[in-house]
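Q: pasting the sequence and the predicted model now:
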Protein chains: 2
Amino acid sequence: MKKIYNNQVEVVLDLIGGKWKSEIIYHLGSGPIRTGELKRLVTGITQKMLIEKLKELEKDGLIIREAYNQVPPKVEYSLTNYGSSLKEILRVVCDWGDDYIKNTYPEGQVTILAHKHD
Amino acid sequence: MKKIYNNQVEVVLDLIGGKWKSEIIYHLGSGPIRTGELKRLVTGITQKMLIEKLKELEKDGLIIREAYNQVPPKVEYSLTNYGSSLKEILRVVCDWGDDYIKNTYPEGQVTILAHKHD
DNA sequence: CAGGATCCTGTATGATACTG
DNA sequence: CAGTATCATACAGGATCCTG
């Protein structure tokens, strides 16, 4: 199905928007991670959503899935060059968001589970 | 209702995510605009969605609504300082998206109604 | 002209149980 | 351990009509 966007920003939002993708990309920024560990790192995500988002990210060329032929199964995910290039963007957005939160919710009316960068 | 985010990026996604907000902010970047003209500029948006998104943006402190007491009614929307500071972010994201599109959809499988920046 | 009120629908997200 | 299959639900987005 052909997609129609109003602008390029919407394309990026399709890539990293939604509830989980930015967090997944963030964790993969430190290097390849196995499925199980990723599930532990991304607080609150279900198995289903994790696999679903990983598939989308892979299809969009942002991450790579590597399966090792062994029992028990071992699968590792890592960022592609494109995915890596997103890290800088996310860092800028993250900083902006951090500043926004500090100025807009001084009372701590929102909770951020993970920190700015690390 | 208290919101819980995994990271700061999700906060920003809440602010500018969804189908219309980035486009609205983009147009307001050129200066104050009346509701009707905004509706013309944002291709395909319905009255309802426009008003709804404008309210959200105002509540989040990104835009300002100014109503002039006259008949017929005149209402203008403009960016706050915070909204303006978003422009730089959006520009970076936009550039990244533009590059991504060129490299990933060389055949023009997607349509971008508005252009990069202008 | 600006905006509100209803009603409707697709899709993203989730809970849970299951398989090789 | 990694991934699937079902079923359920909440919410963003939309169509349409209405008002000062």
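A: Cool, the structure landed.

Q: in chain A, which helix has the most residues?
A: Identified as the longest helix of chain A according to DSSP state H is helix A:81-104.

Q: the helices in chain A, which residues?
A: Going by DSSP H, chain A shows helices at A:8-16, A:21-28, A:35-41, A:47-59, A:81-104.

Q: okay, those helices in CSV with mean neighbour count and mean pLDDT next?
A: Every C-beta, even on glycine, is put in place using the N, C-alpha and C of the backbone. Converted to CSV, the helices of chain A look like this (neighbours: other Cβ atoms under 10 Å in any protein chain shown; pLDDT from 0 to 100):
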stretch, mean neighbour count, mean pLDDT
helix A:8-16, 24, 95
helix A:21-28, 23, 96
helix A:35-41, 15, 97
helix A:47-59, 15, 97
helix A:81-104, 17, 94
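
Q: out of those, which gets nearest to DNA strand D?
A: helix A:35-41 (2.6 Å; Cβ to the nearest atom of the strand).

Q: sorry, back to before: quick one, the longest helix of chain A and helix A:21-28 angle?
A: Interaxial angle of helix A:81-104 relative to helix A:21-28 (axes from the mean of the first three to the mean of the last three Cα atoms, to 10 degrees): 110 degrees.

Q: just checking, what packs against helix A:81-104?
A: helix A:8-16, helix A:21-28, helix B:8-16, helix B:81-104 (3 or more Cβ pairs under 8 Å, 6 or more residues apart in numbering or on different chains; DSSP states H and E).

Q: coming back round to it: possible to save the helices of chain A as JSON lines with distance to B:Lys48?
A: Formatted as JSON lines, these follow (distance: least, Cβ to Cβ, whole Å):
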{"stretch": "helix A:8-16", "distance to B:Lys48": "19"}
{"stretch": "helix A:21-28", "distance to B:Lys48": "28"}
{"stretch": "helix A:35-41", "distance to B:Lys48": "39"}
{"stretch": "helix A:47-59", "distance to B:Lys48": "29"}
{"stretch": "helix A:81-104", "distance to B:Lys48": "26"}
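
Q: can you redo the helices and strands packed on helix A:81-104 as a markdown table with distance to DNA strand D?
A: Output for the helices and strands packed on helix A:81-104, formatted as a markdown table (distance: least, Cβ to the nearest atom of the strand, whole Å):
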| stretch | distance to DNA strand D |
| --- | --- |
| helix A:8-16 | 9 |
| helix A:21-28 | 12 |
| helix B:8-16 | 9 |
| helix B:81-104 | 16 |
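
Q: out of the ones you listed, nearest to DNA strand C?
A: For DNA strand C, the closest of those is helix A:21-28, at 7.8 Å, according to Cβ to the nearest atom of the strand.

Q: the closest one near chain B at all?
A: Yes. Helix A:21-28 comes into contact with chain B (Cβ under 8 Å from any Cβ of the partner chain), by way of A:22-23, A:26.
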